[in-house]
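[1] Show me the folded form of this:
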Amino acid sequence: MDELTSWRVVLLGKTGVGKSSLANTIFGEEVFKISHLPISETSASCAETKYVDGKSMTLIDTHSFFDTCGSETLLKAEIMRCITECAPGPHAFLIVLKVEKFTTQERDVIKQICQYFSEDALKHAAVVFTHGDQLPEETKIDEFVSQNKALSDLVKKCGGRCHVVDNKYWKNNGEDYRSNQFQVENLLRTIDKIIQANNGNYYTNEMLNAVKREIQREEENIAQSVGNMSQEQIRNEAKKSVFNTLVIRVAGVATGVLLGAFLGVAGMFKSMFSNAQELQGFTATTVKHTVVAAAQKGGLEGFQRGYEAAEGAETPGEAIQRAAEAVWNQTAASTSGPVDGSNQKQLQH
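    Next comes the predicted model:
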């Protein structure tokens with residue numbers, strides 16, 4: 001399908017800001033399940049495709065991305081799921097916020113977006129506010145934004161693009177500003193302008209390009225082994241397979257980096273304390289810099305070991321075990337071992 005008539009749009013924001021409801025408002029029907037829990041611990045990011053205004057639109061509704069009390073494992077899995085769902089890349093991001101005070105937590109969400117996707121993602125982004133009923137009468141959303149410098153700066157980075165909806169109260173079909181129909185029509189025009197401004201290209205980065213290649217490779221494998229599946233079914237199966245592989249690799253890499261950094265520092269201290277004369281020359285600053293260097297070196301080596309060890313693992317748990325063993329064995333082979341075998345077992349469990 002022509003990229004210009006098929007949009008991929010990722011909704012980003014904290015749990016509870018109304019991303020799923022916004023997606024339903026854009027589609028004009030109840031497609032996404034609404035959760036009223038304060039944290040989406042059991043929900044996974046999902047994608048749905050519908051025709052809107054003559055265009056095929058895929059909305060990727062992200063969950064647990066920015067939950068500060070969510071587990072690190074869940075967060076990494078959700079990042080991987082979002083990346084596979086929107087591969088080869090989204091045409092637009094919708095940063096979803098409530099019409100309320102722009103706090104440090106909201107600022108942290110924006111920092112995380114730039115961390116996960118880079119600040120270039122904002123060139124493909126628009127800010128959409130929910131709970132429009134909280135907007136004072138006769139006040140438009142750009143006026144609300146102008147009252148907060150941090151919020152105003154964010155919207156400027158997004159090309160001045162911002163909209164407001166109210167998924168609960170603004171359901172009339174009028175042309176009034178306080179109408180979801182009016183706001184969604186403007187939002188669709190904004191998405192179209194984002195795509196045109198980027199010459200019809202979607203946002204991508206090295207990770208998304210790598211995932212795209214993996215999905216294409218998996219599609220070819222599935223098509224050769226299974227002859228009675230549609231292209232859509234093949235792509236869905238390929239995405240599932242690549243997602244599972246990514247989660248397993250992430251588990252291995254994370255274990256490798258953490259254990260590698262720990263063993264690097266442990267080995268550094270063992271070397272320091274084995275030479276009392278050398279230790280006398282260390283200042284607090286020197287020790288700090290030495291620790292950082294040892295952790296970085298050990299972490300980089302652990303990254304490589306963890307990535308390689310995770311290949312072929314069938315579960316994240318197996319990847320973690322393989323990575324731990326690989327990093328430990330490498331450390332034991334290159335040194336006399338900073339800790340004994342009994343501690344190895346404790347660390348791996």
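
[2] Break the chain down into its structural domains.
    Per the record's domain assignment (automatic domain parsing), the chain is made up of the domains 3-203, 239-348.

[3] Which residue ranges of this protein form helices?
    Listed in chain order, the helices of the chain (DSSP state H) span residues 19-27, 72-86, 104-117, 141-146, 149-157, 180-197, 206-225, 231-273, 276-280, 284-310, 316-334, 341-348.

[4] one step back: which of the domains of the chain has the lowest average pLDDT?
    When the domains of the chain are compared on average pLDDT, domain 239-348 comes out lowest at a mean of 61.

[5] residues near Leu151, how many?
    Each residue near Leu151 was counted by other CB atoms under 10 Å, and the total is 21. Bear in mind the C-beta positions are built from the backbone N, C-alpha and C, glycine included.

[6] hang on, Phe117 packs against Thr204?
    No. With the criterion set as CB atoms under 8 Å, Phe117 and Thr204 do not qualify as a contacting pair; they are 9.8 Å apart.

[7] For those two, indicate the residue with more neighbours.
    Comparing Phe117 with Thr204 by neighbour count (other CB under 10 Å), the higher total belongs to Phe117, at 25 against 18.

[8] any idea how far the more buried one lies from Lys98?
    Relative to Lys98, Phe117 is positioned 22 Å away (criterion: CB to CB, to the nearest Å).

[9] same deal with Thr190?
    19 Å.

[10] wait, what's in contact with Ile26?
    Remark: with contacts taken as CB atoms under 8 Å, 6 or more residues apart in numbering, Ile26 is in contact with Val52, Met57, Leu59, Val184, Leu187, Leu188.

[11] Any chance of TSV for these, columns neighbour count?
    Converted to TSV, these look like this (neighbours: other CB atoms under 10 Å):
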residue	neighbour count
Val52	17
Met57	22
Leu59	27
Val184	21
Leu187	24
Leu188	16
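
[12] Relative to Ile110, which of these is nearest.
    For those, the closest approach to Ile110 (CB to CB) belongs to Leu187, at 19.4 Å.

[13] Please verify my assumption that that closest one contacts Val128.
    Yes. With the criterion set as CB under 8 Å, Leu187 and Val128 qualify as a contacting pair; they are 6.7 Å apart.

[14] Which neighbours do those two have in common?
    Overlap between the contact sets of Leu187 and Val128, as judged by CB under 8 Å, 6+ apart, is given by Leu94, His163, Val165.

[15] Pick the one among these closest to Ala23.
    Comparing the shared contacts of Leu187 and Val128 against Ala23 with CB to CB picks out Leu94 as the nearest, at 9.0 Å.

[16] quick revisit: and the contacts of Ile26 as a markdown table, adding distance to Phe32?
    Converted to a markdown table, the contacts of Ile26 look like this (distance: CB to CB, whole Å):
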| residue | distance to Phe32 |
| --- | --- |
| Val52 | 14 |
| Met57 | 13 |
| Leu59 | 8 |
| Val184 | 15 |
| Leu187 | 16 |
| Leu188 | 18 |
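
[17] Comparing Thr190 and Lys98, which shows the higher neighbour count?
    When neighbours are counted by other CB under 10 Å, Thr190 comes out ahead of the other of Thr190 and Lys98, with 20 against 17.

[18] looking at it, that one is touching Gly160, isn't it?
    No. Taking contact to mean CB under 8 Å, the distance of 10.0 Å between Thr190 and Gly160 leaves them out of contact.

[19] Tell me how far Asp153 lies from His91.
    The span separating Asp153 from His91 equals 24 Å under the rule CB to CB.

[20] With neighbour numbers in mind, choose between these two.
    Between Asp153 and His91, counted using other CB under 10 Å, His91 has the larger neighbour count: 24 against 12.

[21] Can you name the residues that contact the more buried one?
    Residues counted as contacts of His91 (CB under 8 Å, 6+ apart) are Glu3, Trp7, Arg8, Val9, His124, Ile191, Ile194, Ile195, Tyr202, Tyr203.

[22] Grab the nearest non-local neighbour of the fifth one.
    Right, His124. What sits nearest to His124 in space, not counting adjacent residues and going by CB to CB, 6 or more residues apart in numbering, is Tyr203, at 4.3 Å.

[23] List the contacts of that neighbour.
    Gly89, Pro90, His91, Ala92, Phe93, Phe117, Asp120, Ala121, Lys123, His124.

[24] what's around Gly16, how many residues?
    Residues lying near Gly16 (other CB under 10 Å) number 15.

[25] can you give me phi and psi for it?
    Note on Gly16: backbone dihedrals following degrees, to the nearest 10 are phi 100, psi 0.

[26] How much space separates the residue nearest to His124 from Asp61?
    Look at Tyr203 and Asp61: by CB to CB, they are 17 Å apart.

[27] can you check Asp142 too?
    Plainly put, Asp142 is 26 Å away from Asp61 if you go by CB to CB.

[28] the more surrounded of the two?
    Asp61 (26 against 13).

[29] which parts of stretch 127-135 are buried?
    Using 16 or more other CB atoms under 10 Å as the test for burial, stretch 127-135 gives Val127, Val128, Phe129, Thr130, His131, Gly132, Leu135.

[30] Turn the residues you listed into JSON lines, including distance to Ala47.
    Formatted as JSON lines, the entries for those read as follows, by distance: CB to CB, whole Å:
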{"residue": "Val127", "distance to Ala47": "21"}
{"residue": "Val128", "distance to Ala47": "18"}
{"residue": "Phe129", "distance to Ala47": "23"}
{"residue": "Thr130", "distance to Ala47": "20"}
{"residue": "His131", "distance to Ala47": "24"}
{"residue": "Gly132", "distance to Ala47": "25"}
{"residue": "Leu135", "distance to Ala47": "30"}
